[in-house]
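# Provided below for reference: sequence and predicted model.
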Amino acid sequence: KNCVSGGPAPDENSSMSRVMCVSAAAGVLSSSVEQKIYVELNETVPCVRLLNATHQIGCQSSISGDTGVLHVLETESDLDWILSSGPHPPYMVIMETAFFNRSVMMRMKNSSRVAGVAVIVSKTGLADNFSPHTTCPNQNTGVYSASYGSDLANCNVTMWNPLGNGLSYEDFAFPVFALKDENQTQVIRKCYQDHNLRVNGSAPQYPLCAMQLFSHMHAATDTVTCMRRTDLQNRFSINPEVLCDPLSDFNVWTSTRPLNNSAKGHAANESVVIAATRLDGRSFFWEQAPSAEGTVSGIVTLLATIQALSPVTQEAPPPRNIFFSFFQGEAFDYIGSSKMVYDMERNDFVIDLNNVHSMLEIGQVGLRRGRSLWMHSDPVSRQNKSVDTESAAAGLNLTVDQPSVSQPLPPSSFQRFLRVRGIPGLVLADHNTSFNNRYYESLYDDAENLNVTYPPDLSPDEQLVYETDAAKSLAEVATLVARSLYIQAGGEKKNLNNITADPKIWFLHQHVSDCVRLLWFLGSGPPQFYIGLGPRIHGPVHSVTRFVQYILANLTGTVTNLTESQCQNPSEVNTENKDLFSYFWVSGPASVNNTGEPFCRSASVRLSKAVSPAFELLEYGSPNYSIIPQSRWKSIRARIFPMLTLGVGVAVLLLSLLVTYFISSKAELLFSSARETPATTY
Amino acid sequence: MNLERIPNEEKLGLSRRYYLGGFAFLPFLWLVNVLWFFREAFLKPTYTEQPQIKSYVKKSALGLIVWVAVLTTWITIFQHFRAQWGEVGDYLSFTIPLGTA
C-alpha cells in the first residue's frame, strides 16, 4: 500500500525556503562574480567578413569566441615564441603597430598556435607606408577589360597602389581586433606584465592572463551561397536568420539649375556637365575609414567648388547645367556610380546618358607635390576636344599637367560612365603614375597624412577659421575646378575672375564632429566614411551622407518662410515646387542676438539610392557590378581574464561533487530543526 | 509494461505487431522489439510461442542492422560532402551552420 502524506512537513518547508534564499542570493551575486573575473574591453573595433563572387575576405571567430594566452608582439623573439617555442598555445597576439604588415599576418594565418590578433593602433612605430588595399583597386569593374584597352587592364601599364599589401582581401580564420583607446591598451599591457612575462627565459606559470574575442560571422563562402541561404531561411524557417546584407547607402547630387525630380529619363533641352567625387573609404577594420587624402580631399574640394560657383551661376548662368555628384561605395567596386549609370540607362533617373555632355572627376587631390595637378584621361576614347584648363588655371598657383598619352585612367567613377558611353571627361589628381597616398584605404589616412597642422596656441574656435596650408592648396584646386566647369558649361571667360574658392571651408574635416552633432550623430572623433548597411541607428542614411546633403543645402539653397508643417508638405503651398526642390527644416545659426530659430530651407539637393544593381537584378555572381555584401553577426565583444589550467577546474568539480555527496548523505543531521509530526493519512 | 504478467499469446502478438510496424520506415520499433523481447526469446526456458518470438526478434535485428548501415553511410557522406555540393547541399539541409562553408 502506498503512503500518502497530507502536505509538506514544516521542516521540509524551512529547508525549501533556505534553498530559495541561497539561490536568490546567488542570483544577485553571480553578476558581480562575472565582473570579478572578466574585464570587458569596450573600445575595440573588429574586422568583419565580406564576400564577393568567389571568395570570403575578412576575419572569423568561433561561435563561442576564441581564447588565447596574451602575448605582446614587440620583437622578433616574441614572434618565435608565439609561433614555435611558447609552451601555452594558442596565443592571443597583442600586436604593436610596427608588426602589422603582410609578412607577419600571413605567418600568423598559417600557424595553428594563434587564436587571434589585437592590433594596437597608434602612430608610434608606424611604418613609412601601409595600405591594406590591393595594388590595383577595382581592377575588374573598371572600364579596362579584355575587350576595351586590354593592354591597359589589370594595371599592366601603371600600378596605382604599389604599396598595397592586400591584407583587406585576405581571409583570416581568427578574429582580428583593433585597440584604439590608449587607456584600455594600458590595462591589457598591465595584465600581460603582471602574469605573462617570461622571467629569465623560463616560461611563465599559471594563472596567466588570457583574452577572448567574439566576432562570429554568419556569412561564408561567397555571395551567391550567402544570398541563397538567406533566401532559404526567409522562405522556410520560422525564425529566419539573415546571413548577409548588401552594402548600401545614398549618393548625393545637386545641380546649378534645378532638375525635375519626378520626370525620369531624358530631360529635354538639358546638356549637363557632371562634376563628381567619391564619398566613401574603407580600411581593414569595420566602419573605420578616416580616408583624408583618399576621400575627404575630394569632398571638400567639390564642396568648395560648388560654393565658388553658386553666385556666378545665379548672375550669369552658363548655357549648360552643371550636375554635382558625390558617389557612395566606390571603394567596393563602384557601388554608387554603377547604380547611377544603371538608372540612367533604364531611364530611371532625372537625366540620361544623352543629356551628359562631359564629366570632370576629382580624385585624390590633397598631396600635391609642388604646383602640379594631373589631368588624367582615357587613351582609348580620348576626344580631341577636352576640358579647357589653361584659361582656368591662369593666375593660380598651380600647373595642370597631362600624363603620358598611353596611361590609363586611375580608378575613378568616370570609368563606370565610360563602360557604357564614350563621354569625354577627365580625372584630376595629385599623382602622375601611382598614388601619392602612402596610406591608401587604411586607418592611418587621417589629417596628419594630409599635413593639416595648426599653430599650437589656437583654441578650437580659432582653428575652425584658420587657413592651413592644406586648406589653401585645396582651395586652389577648387578654384581651378570651378572655373573649368564654368568654361565647360559654356560660360563666358570674362566671369572667371569672380570664381574663387574659400579656404575656410576646410573646417569640414577637422571639426565636422561639432557640426554633425547638430544632425543627430552621437559619435565623437573624426567622421568615418565606410559605406555601411541600410537601416542604421540614427535613420536610414549614413551620417556623413546626411552631413554632405545638409552642407550642400546650406551652400546652394535659399531660405523660405514656410512653417514646419508646410516645410514637410510643400506641395500644399503653391509657390513651392516639390519636384524641383527639396525642403529641409533646419535650426538656424546660434549667435549673440539669435537663439537659432529653426526655419525651412529649400535646395535642389537630392539623395539617390546607392546599392549595387546586381542585388536588384538578383544576379549575385555578376562580373559587371559590385557584389560585395557584408556578413551579419550576433555579438562582437572582447574581454580579458586570468586563466587557470584545466586541472584546477577538474579539481574544483570533483571537490564540489564530494561536498554535495557528503551534505546529502548527512542531510538529516545538517538540516534538522524542531521536529513536528506531520499530519499524514495512511 | 511488465512482460511477466502477460500470457504468452499476447507476448507473441506484441512482438509480431512491433515487427510488422517496423516496416513502415520505423526502425526504432525493431530496436524496441529486439531489446524488449531478447530475454523472452533467448534466455527464458522454452515455451510454445517462443520459436516464433525468436524469429521475429531475429528478423527485427536484421532489419535494424540494415537501417543502421544505410543511415550511417548516408550521414557520413552528407556530413563530409555537404559543403562541396553547394546548392544541392543547401536544398537538402534543414539547418545550415552559420559562418562555415
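Perfect, I can see it now.

# please count neighbours and contacts with C-alpha atoms only from this point.
Noted.

# show me the contacts for residue 61.
Using chain A. Neighbouring residues of A:Ser61 by Cα atoms under 8 Å, 6 or more residues apart in numbering or on different chains: A:Ala173, A:Phe174, A:Pro175, A:Leu213, A:Phe214, A:Ser215, A:His216, A:Met217.

# I was thinking of chain B, sorry if that wasn't clear
B:Ala61 touches B:Trp30, B:Leu31, B:Val34, counting by Cα under 8 Å, 6+ apart.

# repeat for A:Ser62
A:Phe174, A:Phe214, A:Ser215, A:His216.

# of these, closest to A:Ala614?
The shortest gap between A:Ala614 and any of these belongs to A:His216, at 26.4 Å (Cα to Cα).

# re earlier: quick check, nearest of the contacts of B:Ala61 to A:Gly588?
Among these, and counting by Cα to Cα, the member closest to A:Gly588 is B:Leu31, at 80.6 Å.

# what about the closest one, how many neighbours?
19 (other Cα atoms under 10 Å in any protein chain shown).

# where does chain B get nearest to chain A, which residue?
Ranked by Cα to the nearest Cα, the top residue of chain B for proximity to chain A is B:Gly99, at 4.1 Å.

# quick check: buried residues in the helix or strand hosting A:Ser602?
Using DSSP states H and E, A:Ser602 falls within strand A:598-603. For strand A:598-603, the neighbour count (16 or more other Cα atoms under 10 Å in any protein chain shown) marks A:Phe599, A:Cys600, A:Arg601, A:Ser602, A:Ala603 as buried.

# now stretch B:14-27
B:Ser15, B:Arg16, B:Tyr18, B:Tyr19, B:Gly22, B:Pro27.

# would TSV of those residues with distance to chain A and secondary structure be doable?
Below are the buried residues of stretch B:14-27 laid out as TSV (distance: Cα to the nearest Cα, whole Å; DSSP: H, G, I helix; E, B strand; the rest coil):
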residue	distance to chain A	secondary structure
B:Ser15	33	helix
B:Arg16	36	helix
B:Tyr18	34	helix
B:Tyr19	36	helix
B:Gly22	30	coil
B:Pro27	28	helix
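
# and the residues you listed, which is closest to B:Lys58?
Distances from B:Lys58 to the buried residues of stretch B:14-27, taken by Cα to Cα, are shortest for B:Tyr19, at 9.9 Å.

# list the contacts of the closest one.
B:Leu29, B:Trp30, B:Asn33, B:Tyr56, B:Val57, B:Lys59, B:Ser60.

# contacting residues around the host helix or strand of the second one?
What it means is B:Trp30. Assigned by DSSP H and E, B:Trp30 falls within helix B:27-38. Contacts to helix B:27-38, defined as Cα under 8 Å, 6+ apart, come from residues B:15, B:18-19, B:21-22, B:53, B:57-58, B:60-61, B:63-64, B:67.

# run the chain-centre distance for it.
7 Å (Cα atoms, centre = their mean, to the nearest Å).

# which stretch of helix or strand covers A:Gly116?
strand A:114-120.

# what is that strand packed up against?
Other elements packing on strand A:114-120 under the criterion 3 or more Cα pairs under 8 Å, 6 or more residues apart in numbering or on different chains; DSSP states H and E are strand A:66-73, strand A:91-95, strand A:176-179.

# relative to chain B, which of the buried residues of strand A:598-603 is nearest.
The closest of the buried residues of strand A:598-603, once distances to chain B are taken by Cα to the nearest Cα, is A:Ala603, at 45.5 Å.

# tell me which residue lies nearest the centroid of chain B.
The structure's chain B has its C-alpha centroid closest to B:Pro27; by Cα atoms, centre = their mean the separation is 2.8 Å.

# name the element A:Gly142 belongs to?
Using DSSP H and E, no helix or strand contains A:Gly142.

# now it. Nearest residue, chain neighbours left out?
A:Gln415 (5.5 Å; Cα to Cα, 6 or more residues apart in numbering or on different chains).
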